[in-house]
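> compute the structure for the input listed below.
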Amino acid sequence: MKVGIDQEKISRMSQKLLDKIATEQEKEYVYSFKKNFKQHIASLWTAKEAVIKILGKNIGFLDIEIIHDIYGKPFVKLLGEAKTIFENAGLSEIDISITHTDEIATAVVIAK
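Numbering: from 1, shown residues only. Below you'll find the model as predicted:
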C-alpha cells in the first residue's frame with residue numbers, strides 16, 4: 001500500500017496554473033464553480049500532487065485525471081506514463097479524498 005498527501009493555500013492558485021495542469025474535462029468541472037473557482041483549482045492541484053507522490057516525480061500532470069461522479073465523488077484516472085508506472089508497481093486500486101476550506105485544500109490518495 002502507498003499513501004500520498006498534499007496540501008496547498010488557495011490564495012496561490014491561478015488560471016495560469018489550471019491551464020498547465022488540467023485536462024479539458026477537468027477545466028470544465030472547475031469552471032462550473034464560478035464562486036469557488038480557486039478552491040477547485042487547489043483541490044485539483046493537491047489531488048494530482050498526492051498521486052505524483054505515490055508514483056514518482058517524473059509523472060506529467062496531464063497523465064493524471066481527476067473525474068467526478070454525479071454526486072461529486074472524485075476518482076483518479078491514470079493515463080500514459082502514470083498508468084504504466086502504476087501497473088508496473090503491481091498496484092491495482094487507487095482511492096482519493098479531497099477537501100477544502102476557504103484557505104486550504106488537501107488531498108489524500110491511497111493505492112494498493
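> mind listing the helices for the protein?
Along the chain, counting by DSSP state H, helices occupy 15-21, 24-31, 37-55, 80-88.
> out of those helices, which gets nearest to T106?
helix 37-55 (5.9 Å; Cβ to Cβ). For every residue, glycine as well, the C-beta is placed using N, CA and C.
> how close does the residue lying closest to I5 once chain neighbours are set aside get to V3?
Leaving aside its chain neighbours, I5 sits nearest to V108 (4.9 Å; criterion: Cβ to Cβ, 6 or more residues apart in numbering). To V3, V108 is 7 Å away according to Cβ to Cβ, to the nearest Å.
> settle it for me: which of the two has more neighbours?
Higher neighbour count among V108 and V3: V108, with 17 against 12, using other Cβ atoms under 10 Å.
> ok, that one touching S97?
Yes: applying Cβ atoms under 8 Å, one finds V108 in contact with S97, separated by 5.0 Å.
> and A89, its phi and psi?
Here is the backbone geometry of A89 (degrees, to the nearest 10): phi -80, psi 0.
> burial count for it?
13.
> next: D102.
9.
> enumerate every residue touching the closest residue to it other than its chain neighbours.
Counting by Cβ to Cβ, 6+ apart, D102 lies nearest to I10, which is 7.0 Å off, once chain neighbours are set aside. I10 is in contact with 38-39, 42, 100, 102-105, counting by Cβ atoms under 8 Å, 6 or more residues apart in numbering.
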